[in-house]
Structures are given as C-alpha cells and as structure tokens.
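Asker: My questions concern the predicted model and sequence given below.
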Amino acid sequence: LLIGMPEMRHSSLVVVANRLPIDDSAAPDGACEWRRSPGGLVSALHPLLRHTPATWVGWAGGTGAAPTLPDVDGVRLRAVPLTAEDQRDHYEGFANSTLWPLYHDAVEQPEHHRRWWEAYQRVNRRFAEAAADVAEPGAVVWVQDYHLHLVPGLLRGMRPDLRIGFFLHVPFPPPELFMQLPRRAELLRGMLGADLIGFQRVQAAHNFAQLVAKVLNLPATDRRIGVGERVVRIGAFPVSIDTAEMAALAARPDVAARAQRLRQDLGRPERVILSVDRMDYTKGIEQRLKAYSELLASGHVKVRDTVLVQVAVPSRERVGQYQILRERVEREVGRINGEFGRVGEPAIHYLTQPFDRAELAALYRVADVMAVTPLRDGMNLVAKEYVAARVDDTGALLLSEFAGTAAELSQAYLVNPHDLEGLKEGLLAALRAAPADVSRRMRAMRAHLHEHDIRAWARSYLSALDETGPLVQRMVAA
Ligand code: ADP
Ligand code: G6P
C-alpha cells in the first residue's frame, strides 16, 4: 500500500542481524547487489528472504550515519548506524573478542572489558529500536546471532504485541565456559525475551537450559523454560543451504567448463584438495597446513600428483587475534611452498579473494577431497555447499567432528583436527578411498541435504514460532 515510501512501510516479518546482506561499496550509486560475502549467516538467510516481503535490519559496515538503502530482490533493508567506538567495542570487542572465542571452546583467550559491555548494551538497544520501528502490529521479529543477545528482551519491553524468535548460528558453550562471563545473567535474560530460542544442536539447547536453571533459578527443560507467566520454547534447528540452487549452479555447462579449466591450470594433478574458510582461528587452518606439510615431508603425498587449494578470505581484520592468525598462516604457506614446491608447481595454491557463487561452485566441482576441519563450528555451510555441488556423486568430504555439520553428514570422513596423526590418516584415507565408497557416502549425504535444505529449516523454525500465522505459508511456499 505504501510502495515508494520506504520510511513509512512496516513489515509482518523482520529479520534482525548484525550484518546486512549487501555489499556496502555497491550501495551509493543505487546499483545494489546482494552481498554474498563470506559468512554463514548471510549465506543461509539470503536465499530464504529473497522475494519475501520482509525487512532486514542490520549494519551496513563502516561507521557514521546509516545509509538509506534501496530494496534488494524485494527485501527492504534498514541500516543501523555504528560509530567508530561502537564498531571497536561492540563488534570487534564484546561480540568478536569476548563471545566468539568463548563460544568456540575458548580456542583463543576471550577478553573481558567493562567498556565493551556498555557498548554491547547500547548497540543492542539501537537494533531493538530499529526493529520496533519497522515491525507492523503483531509481526514476527527474528533476531539472529551472538551480537544481539539483548535484543529479544529489549524488544519485548518496547513491543509486547510482537512474536519474537532468536536463533544462534554459533555454538552455545557448556556451562563451565559460559559461567566465566561477568554479565552471564543479563545475557541469558536478554535471550529469554524471545518466544522461541533456536540453536544448531541439541547439546546447545541442553547447555542453555542448564544455565538458565543454575544462574536464573528458573524451571527449565531442554524444550521449555518458565519465565513468570510466559513459556519460552527452546530447541535445535540445524541451519542449511539452498541445496537445489547450488546443485543447479554446479550443473551449469559454464561452471563445468570452468572446473575443467581450473584443473588444467592446476597442472592436471591426480588429486585436488580444497579448503574454503573465512580466515578465522576456529577453522583449524594451521592444523590442516601442518598435517599436509608432514604428509609432504614423509612422501605420502607428492606435489604434482596432489595439490592443495586453500581459500582463506580475510575476516574481522582489525581484531588482533585475526591479524596474528593471518601472519602465521601466510608464513606457513610460504614455508611449505618454499620447501616442497617446484617452479610452476606450488604445493599450496593460496587465495584470499572473495569469489562469486559460480566460481565457488567450480572450485567445489574440481575438488576430489574437500577438507573442512574446524576446531569448533556452529554448523559450517561450506561442507554442505560442497556436497550439494557434487551432482555426479563423486568427491570425498573430510569433516571435523567439531562442526555442527558432522551431526548430520555422518557419512563424511570424520576427523578430530586436534589429533595431528588422525588428521593425516583421515586426509590420506579420503585421498585414497575407493570410488565406490566415495559415491556411496556422497549419495547418502546429498539425499540428506535434499530433504534438509534452508526452506525446511525455515519451515520448522517458523512453524514452531508461529503455528497458525499466515507468515509461514507465505515464506516457505516455494
Ligand atoms: P562461517 O559462517 O563461520 O563463515 P560457514 O562455512 O558456515 O562459516 O559459511 C561461510 C560462507 O561464506 C559460505 O556460504 C561460503 O560459501 C562463503 N565463503 C567462504 N569463503 C568465501 C570466499 N572466498 N568468497 C565468497 N564466499 C565465501
Ligand atoms: C559467522 C557468524 C555471523 C557472521 C559471519 C561473518 O557466520 O555466525 O554472524 O556474520 O560469521 O562474520 P562477520 O564478522 O564478517 O559478520
């Protein structure tokens, strides 16, 4: 009814996430493209929200005034501004230097600063206000991820008419770890403002219920929590990908041709191993490089027969731990290439660029072994994208037991990335596996993803949130 007057429109579905799905560099001239930048959250929500009458509230990157953004593929975008201080203390600080490492088994030391907590509260309030502003009466507001734990509680205070969902894309840690947080009670209370809290894994919901009982003294099971008069439901909803879209992309003749060309450019090796990660210390990149280097040193793997392609796109580049990681990874790649490469034949092809979906699909098609070996990962959509792209049922997935994906793709070659010998054995097993075994596993994994795609995820989450609302039918009709 109010088309053309964005500031006056309200939505029946509002998604609130720290990141907006668009590339901010493309926005000023109006030629706005979906961002599809590295990151599971945007990858999951993008295919879902396209052509849905929803509003996505989030940060457009950068600091200063919030840009006014055009609709993208039918989705309205509402930018929330961050100051330089907010970016430092909320995004880089509390979100990515306190919560992110703590939630990922503290594989790097979480830091605690009172200033960061102030910023976290302030920024959460700003997101809640923006969501309250665009939500129509009785709307569904779906809050995403660890940057915004306080938004459900704040929003409920502002707009009791709303139906509020919260979904955590990252792991929710065991009580011993979460208890370290100085503001643990506030964080739990913030999440409990939601009607439904979704996690990737059953264990996470269990951890949450235990914590709520212990810290807030509320009656809690792994499915329901009593908060005064209200009942908050919790549960596991493993996120997924647009399986059909990735399969169709991978099957495109130009993508197949590109994959062939890539193999040629790689020197026609017998075996291509691929890894695609954000440059993040949770991804186990250093452990993987060490395993590969030892296999080269022992002669189990030979350059020319086998190449490793490591895509590692830089992430959170102003955070010290990420800078240190990048330096270490690049030093190690240089060392391995120096020691084992030959002229025109590097042992590792190392790429830090963002790629478009077609190029990623071509890379997946060329990979005989996909090595996804994070130390801890909420889900890991790269592993699912690889499986979806293997339309001819070939290709071995080497997968960490500590990725959420492992609970679903149990036919992968599973490894413990902390166990260097186990990692080497797993890599060799995947490289040498009999084609029949590889196909059998791949077929089973593809069948699983065919059923459990991103629409199935949205359907199960949103129907749990709003059993009878028209919203669910509209969103997951396709
Ligand atoms: P995380 O959410 O921790 O980044 P996921 O594996 O769940 O990990 O999601 C990463 C997403 O980012 C995937 O959809 C993947 O395709 C995408 N991605 C990773 N590297 C690149 C890259 N170099 N260029 C474009 N997209 C990338
Ligand atoms: C993970 C997080 C997302 C985040 C993404 C990329 O997937 O769960 O919330 O958006 O990483 O990280 P970034 O810091 O660039 O948003």
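Answerer: Looks like it arrived, so ask away. Numbers count the residues shown, from 1 in each chain. Ligands and ions are numbered 1, 2, ... in the order given.

Asker: which parts of the chain sit against ligand 2?
Answerer: Proximity of the chain to ligand 2 (Cβ under 6 Å from any ligand atom) is limited to residues 18, 19, 39, 40, 41, 145, 169, 170, 315, 316. Just so you know, the C-beta spots here come from the backbone N, C-alpha and C atoms, and that holds for glycine as well.

Asker: show me which of those neighbour ligand 1.
Answerer: 39, 40.

Asker: ok, of the residues of the chain next to ligand 2, which one's closest to residue 351?
Answerer: Closest approach to residue 351 among these (Cβ to Cβ): residue 315, at 14.3 Å.

Asker: what sits against the closest one?
Answerer: Counting by Cβ atoms under 8 Å, 6 or more residues apart in numbering, residue 315 touches 38, 39, 278, 279, 280, 322.

Asker: Is it correct that the third one is in contact with residue 43?
Answerer: No. The pair residue 278 and residue 43 fails to qualify as a contact (Cβ atoms under 8 Å) at a distance of 11.0 Å.

Asker: Which one's more surrounded, those two?
Answerer: Using other Cβ atoms under 10 Å, the more surrounded residue of residue 278 and residue 43 is residue 43, with 22 against 19.

Asker: Next, the contact list for residue 208, please.
Answerer: Residue 208 makes contact with 172, 188, 191, 197, 199, 234, according to Cβ under 8 Å, 6+ apart.

Asker: A helix includes the last one, no?
Answerer: Spelled out, that is residue 234. No. Secondary structure assignment (DSSP: H, G, I helix; E, B strand; the rest coil) places residue 234 in strand, not in a helix.

Asker: Enumerate the beta-bridge partners assigned to it.
Answerer: For residue 234, the beta-bridge partners are residue 197 (DSSP bridges).

Asker: pLDDT wise, what is it at?
Answerer: Note on residue 234: pLDDT of 97.

Asker: now the fifth one
Answerer: What the model reports as pLDDT for residue 199 is 98.

Asker: could you show me where the helices are in the stretch 151-300 of the chain, in order?
Answerer: With DSSP state H, counting those that start in this stretch, the ranges of helices along the stretch 151-300 of the chain come out as 151-158, 175-178, 184-191, 202-216, 243-251, 253-265, 285-298.

Asker: Can you lay out the ones you listed as TSV showing mean pLDDT?
Answerer: Formatted as TSV, the helices of the stretch 151-300 of the chain follow (pLDDT from 0 to 100):
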stretch	mean pLDDT
helix 151-158	98
helix 175-178	98
helix 184-191	98
helix 202-216	98
helix 243-251	97
helix 253-265	98
helix 285-298	98
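
Asker: give me the number of residues near whichever residue of the chain sits closest to ligand 1?
Answerer: Closest approach of the chain to ligand 1 (Cβ to the nearest ligand atom) occurs at residue 40, with a separation of 2.6 Å. Residues lying near residue 40 (other Cβ under 10 Å) number 21.

Asker: what residue of the chain is the furthest out?
Answerer: In the chain, counting by Cα atoms, centre = their mean, residue 343 sits farthest out from the average C-alpha position, at 37.0 Å.

Asker: where's that one relative to residue 155, distance?
Answerer: As judged by Cβ to Cβ, to the nearest Å, residue 343 and residue 155 stand 60 Å apart.

Asker: Residue 112 now?
Answerer: According to Cβ to Cβ, residue 112 stands 26 Å off from residue 155.

Asker: which of these two has more neighbours?
Answerer: Taking other Cβ under 10 Å, residue 112 and residue 155 do not tie; residue 155 has more neighbours (29 against 15).

Asker: Now that one. Nearest residue, chain neighbours left out?
Answerer: residue 128 (4.6 Å; Cβ to Cβ, 6 or more residues apart in numbering).

Asker: give the contact list for the one you found.
Answerer: Listed by Cβ under 8 Å, 6+ apart, the contact set of residue 128 reads 150, 151, 154, 155, 158.

Asker: Does it lie in a helix or a strand, and which?
Answerer: helix 114-134 (DSSP states H and E).

Asker: and the helix or strand following that helix with helix 184-191, angle?
Answerer: On the C-terminal side of helix 114-134, the closest following helix or strand by DSSP H and E is strand 135-144. Orientation check (axes from the mean of the first three to the mean of the last three Cα atoms, to 10 degrees): strand 135-144 against helix 184-191 gives 130 degrees.

Asker: helices or strands next to strand 135-144 in the packing?
Answerer: strand 11-19, helix 151-158, strand 163-167, helix 454-465 (3 or more Cβ pairs under 8 Å, 6 or more residues apart in numbering; DSSP states H and E).

Asker: strand partners of that strand, parallel vs antiparallel please.
Answerer: As defined by DSSP bridges, the strand partners of strand 135-144 come to strand 11-19 (parallel), strand 163-167 (parallel).

Asker: CA-only coordinates of that strand in CSV, if you can.
Answerer: Only the C-alpha atoms of strand 135-144 are listed here, as CSV (Å, rounded to 0.1, in the frame of the first residue of the first chain):
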residue,chain,number,x,y,z
ALA,A,135,7.5,-4.1,12.7
GLU,A,136,3.8,-3.9,12.0
PRO,A,137,1.4,-4.8,14.9
GLY,A,138,1.7,-8.5,15.7
ALA,A,139,4.7,-9.0,13.4
VAL,A,140,7.2,-11.8,13.7
VAL,A,141,10.7,-10.5,14.6
TRP,A,142,13.5,-13.0,14.1
VAL,A,143,16.7,-11.9,15.9
GLN,A,144,20.0,-13.6,14.8
